[in-house]
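S.K.: Pasting the sequence and the predicted coordinates here, then a few questions.
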Amino acid sequence: MLKERMASTISSTAYSSLFSLHFNSWRKLSSRMLESNVFCKPTRPNISANYKAENGKKLYLGMDFGTSGARVSDESPLTIPTSSVDVHQSELDHDSVHSDGDGGPDMQTPNESDASVDESVAESALEMEDVSVSLRPVVASIAIDGTSATTIIIDSTSGDPLCRPYLYNESCPDALPLVKSIAPPKHTVCSGSSTLCKLVSWWNSCDSSKESAVLLHQADWLLWLLHGKLGVSDYNNALKVGYDPEMDSYPPWLLSQPYSHLLPSVQHPGTKIGCMKEDIRTQFGYPKDCLICTGTTDSIAAFLAAGATLPGKGVTSLGSTLAIKLLSTKRVEDARFGVYSHRLDDKWLVGGASNTGGAVLRQLFSDEQLKKLSEQINPLEASPLDYYPLQAVGERFPVADPNMEPRLHPRPKNDVEYLHGILESIARIEAKGYTLLKDLGATPVEEVITSGGGSKNEKWIKIRERVLGLPVSKANQTEAAYGAALLAMKGACENTASD
Ligand SMILES: Nc1ncnc2c1ncn2[C@@H]1O[C@H](COP(=O)(O)OP(=O)(O)O)[C@@H](O)[C@H]1O
Ligand SMILES: O=C(CO)[C@H](O)[C@H](O)COP(=O)(O)O
């Protein structure tokens, strides 16, 4: 049923480009087993997770559809949080978390041009078959985070895509002059990779019918498959299409545009949208009242997972890309440098996302090689090598330059020296980012917490401490899926409080 739905919903081309990038390694799940009654799915199917939610406890399912893979986390509060759950203060027993490590096949970042997507991968992407059948009946709610500004335009009458998806780091410079002519100076949308530039580019190039078109972000589209209400987003995903999280509405300069009818409605992250669709619920054994809640973007979910709550705390997501988020009392927007502010309750997450990061490392080294080479690095010694590690031409932050060339030469004969130079160069980009945020008026960073795949590299943490001149640590919860699970819990608790 779901496979047919998926197959009928999206053309193979659009489907493969949206899914093949993200779900080729759906089977590779980072996992955490919690000693208490909280359960995360095993990485390897042969690990039979036999953790059961104790009677009366519920599970909250978070799904992270990051750049290079998908992960899921189930969390259950050991004590039911206060009714006004502030997602990063929920009372979860972090101490009992222990990792059984990443598992599954060594994940290779799929080739973006990979046109062949295995239908069973896509089906399992939403089949959630890795959530133990015995636990599905106690899943109270689900939330999903996805890559920011990954955009798909759907026909609201048929549910079919009207174009291929635009990926998070794709730039549409053709639309930039028009977007700059309608938006305030330095606004977040005034970047070629903004969702609004992708929308305007499609609008100006599309010759098919547009009346019934609706714009969705990656997380919105995946959640729609579960709840069935088209055109619902959250104020983090909607930021780069122009939504103003401070006004809690789209600005007049955007609503007056001919394409404003495509804009999704916007809820706060972790808000109940509805219950899981009956056909999916019965097919996979989820409870009648399993709520589907609005999600967020992957780096916001990573911030929530890290649990930083005080201004001056920074969270760096060292994933395929380098995304930094600094908790600030002041909102800062400056598209000249790719700086924007996400709302987090009554504060601001000021930051940006660079195209540097782990994906460049993965092009050069396997995770095993990264581990072995890193062990030989002396992090207290500065590398003389000066690179700008990019996978391809174009940078978003702290320099917004769609024509910036990668710089990874000269390559020394010794791979330890080469990796040291790359890690140190990425650290310098991170430091430049935090300095820029301070210069633009954000609360100065005092400490950096690290999430994402790169957070497991202790030597890199030491290099970054030296380059940043700040305390740098690894988050207790390094997976964005945990942050999405906190949003699922928030939605369920608010729903209970409103009953
Ligand atoms: N030991 C390591 N040192 C540095 N980077 C690493 C290490 N192991 C994995 N990575 C990087 O982590 C990245 C994956 O992190 P992840 O958070 O899963 O990314 P995303 O969420 O963007 O898909 C990969 O690009 C990989 O290069
Ligand atoms: O690089 C990315 C993909 O991993 C995204 O751009 C990242 O999510 C940053 O966007 P945002 O700050 O809006 O969350």
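M.R.: Alright, I've got the coordinates. Ligands and ions are numbered 1, 2, ... in the order given.
S.K.: for the chain, what spans make up the helices?
M.R.: Ranges of helices in the chain, per DSSP state H, are 2-9, 12-23, 119-127, 176-182, 195-205, 218-227, 252-255, 278-284, 298-306, 358-364, 367-375, 415-439, 458-468, 480-498.
S.K.: Mean pLDDT lowest where, among those helices?
M.R.: Mean pLDDT is lowest for helix 12-23 out of these, coming in at a mean of 35.
S.K.: number of nearby residues for the closest residue to G491 other than its chain neighbours?
M.R.: Leaving aside its chain neighbours, G491 sits nearest to C293 (3.2 Å; criterion: Cβ to Cβ, 6 or more residues apart in numbering). C-beta: built from backbone N, CA, C; applies to glycine. A count of neighbours around C293, defined by other Cβ atoms under 10 Å, yields 31.
S.K.: same thing with R428?
M.R.: 19.
S.K.: and what of C190?
M.R.: 22.
S.K.: Ok, the one 3 residues further on next?
M.R.: Around S193 there are 26 other residues, counting by other Cβ under 10 Å.
S.K.: what does S498 give?
M.R.: 8.
S.K.: Tell me the spacing between it and S328.
M.R.: 31 Å (Cβ to Cβ, to the nearest Å).
S.K.: swap in T478?
M.R.: In this view, T478 and S328 are 23 Å apart by Cβ to Cβ.
S.K.: doesn't D145 make contact with the residue nearest to G491?
M.R.: No. Applying Cβ atoms under 8 Å, one finds C293 not in contact with D145, separated by 11.2 Å.
S.K.: got the contact list for the closest residue to P264 other than its chain neighbours?
M.R.: Excluding the flanking residues, the one nearest P264 by Cβ to Cβ, 6+ apart is S233, at 4.0 Å. Contacts for S233 (Cβ atoms under 8 Å, 6 or more residues apart in numbering) come out as 216-217, 220, 243, 264-267, 294.
S.K.: mean confidence score for stretch 138-145?
M.R.: Rounded mean pLDDT across stretch 138-145 is 93.
S.K.: Who's the closest spatial neighbour of the residue in the stretch 1-150 of the chain that ligand 2 sits nearest to, skipping the chain neighbours?
M.R.: Nearest residue of the stretch 1-150 of the chain to ligand 2 (Cβ to the nearest ligand atom) works out as S148 at 3.1 Å. With Cβ to Cβ, 6+ apart as the criterion, S148 has its nearest non-adjacent residue at 3.8 Å, and that residue is T297.
S.K.: count of neighbours near that neighbour?
M.R.: T297: 28 neighbours (other Cβ under 10 Å).
S.K.: Tell me who's in contact with it.
M.R.: 145-148, 219, 236-237, 342.
S.K.: joint contacts of C293 and D145?
M.R.: Joint contacts of C293 and D145 (Cβ under 8 Å, 6+ apart) are L487.
S.K.: Now stretch 391-410 - C-alpha only, PDB.
M.R.: C-alpha atoms of stretch 391-410 as PDB (Å, rounded to 0.1, in the frame of the first residue of the first chain):
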ATOM      1  CA  GLN A 391      33.000  19.000  -2.500                       C
ATOM      2  CA  ALA A 392      32.200  21.300  -5.400                       C
ATOM      3  CA  VAL A 393      32.200  25.000  -6.400                       C
ATOM      4  CA  GLY A 394      30.100  27.200  -4.100                       C
ATOM      5  CA  GLU A 395      30.000  28.200  -0.500                       C
ATOM      6  CA  ARG A 396      27.100  29.400   1.700                       C
ATOM      7  CA  PHE A 397      28.700  30.600   5.000                       C
ATOM      8  CA  PRO A 398      30.700  32.300   6.400                       C
ATOM      9  CA  VAL A 399      31.300  33.500   2.800                       C
ATOM     10  CA  ALA A 400      28.200  33.400   0.600                       C
ATOM     11  CA  ASP A 401      29.900  32.900  -2.800                       C
ATOM     12  CA  PRO A 402      28.300  30.500  -5.300                       C
ATOM     13  CA  ASN A 403      31.600  30.600  -7.300                       C
ATOM     14  CA  MET A 404      34.000  29.700  -4.500                       C
ATOM     15  CA  GLU A 405      36.400  27.000  -5.700                       C
ATOM     16  CA  PRO A 406      37.400  24.100  -3.500                       C
ATOM     17  CA  ARG A 407      41.100  24.300  -2.300                       C
ATOM     18  CA  LEU A 408      42.600  21.000  -1.200                       C
ATOM     19  CA  HIS A 409      46.100  21.200  -2.700                       C
ATOM     20  CA  PRO A 410      49.100  20.900  -2.300                       C
END
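S.K.: Mind listing what's buried along that stretch?
M.R.: Across stretch 391-410, burial judged by 16 or more other Cβ atoms under 10 Å covers 391, 394-400, 404, 406, 408.
S.K.: try stretch 368-382
M.R.: 370, 373-374, 377, 379.
S.K.: tell me, how many neighbours does the residue of the stretch 201-350 of the chain found nearest ligand 1 end up with?
M.R.: Residue nearest to ligand 1 within the stretch 201-350 of the chain: G319 (2.7 Å; Cβ to the nearest ligand atom). G319: 27 surrounding residues under other Cβ under 10 Å.
S.K.: Roughly how far does it sit from H217?
M.R.: 18 Å.
S.K.: partners of the residue nearest to P264 in the sheet?
M.R.: According to DSSP bridges, the residues that bridge with S233 are V266.
S.K.: Give me the pLDDT for it.
M.R.: 98.
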